[in-house]
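Engineer: Fold the following for me, if possible:
(one chain, ligands or ions: 1)
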Amino acid sequence: MESKPSLLGSILHMRCPYCRKGRFYVSHPYDLKRAGDNLEECPVCHRAYSVEYGFYMGAMYVSYALSVAVGLGAYLLTRWLFPSVTMGWQIVIVGGVTLAVAPLMYAYSKIIYGYIFLPYKGPSDPGYRPVRRADAWK
Ligand SMILES: [Zn+2]
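Structural biologist: Below you'll find the predicted structure:
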């Protein structure tokens with residue numbers, strides 16, 4: 001029997017919340033044309049990533065918290081490394097760092113939100129038959 005992949009490692013590697021093995025996103029977060037586009041279902045366990053329309057709207061609260069944490073971290077690091085830097089440069093540095101990691105924070109906010117509401121179920125359920133979206137509306 002396989003061991004359960006770690007929560008933190010699975011989040012950092014942007015894996016499926018259900019099985020922690022399949023990819024979650026279509027592409028890399030810095031592929032800006034497809035940033036934040038997640039797959040419809042896990043390529044490993046075939047469970048749907050979105051349980052209802054607009055499911056990931058709540059991820060904006062996670063994104064806000066991550067952005068505040070990154071901005072505060074950049075500010076404190078700047079104050080510690082360069083204590084004599086002016087307020088104008090602090091704003092430029094904190095704004096630049098926050099802007100540079102924004103695609104990554106957006107991707108992680110959706111993943112973290114998914115991990116909050118989509119429970120770990122293992123690689124597969126015996127007898128599980130995936131329901132495709134197109135089939136669900138018939
Ligand atoms: Zn999966």
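
Engineer: Can you point out the buried residues in stretch 82-98?
Structural biologist: I93, V94, V97, T98 (16 or more other C-beta atoms under 10 Å). All C-beta spots, glycine's among them, are computed from the backbone N, C-alpha and C.

Engineer: er, stretch 69-78 actually
Structural biologist: Of the residues in stretch 69-78, those buried (16+ other C-beta under 10 Å) are V70, A74, Y75, T78.

Engineer: hey, where'd the strands end up in this protein?
Structural biologist: Taking DSSP state E as the criterion, the chain carries no strands.

Engineer: residues in it within reach of the ion, list them.
Structural biologist: With C-beta under 5 Å from the ion as the criterion, the chain comes near the ion at residues C16, Y18, C19, G22, C42, V44, C45.

Engineer: and the longest helix belonging to the chain, what does it pack onto?
Structural biologist: Criterion DSSP state H: the longest helix present in the chain is helix 59-81. Applying 3 or more C-beta pairs under 8 Å, 6 or more residues apart in numbering; DSSP states H and E, one finds that helix 59-81 contacts helix 87-100, helix 102-117.
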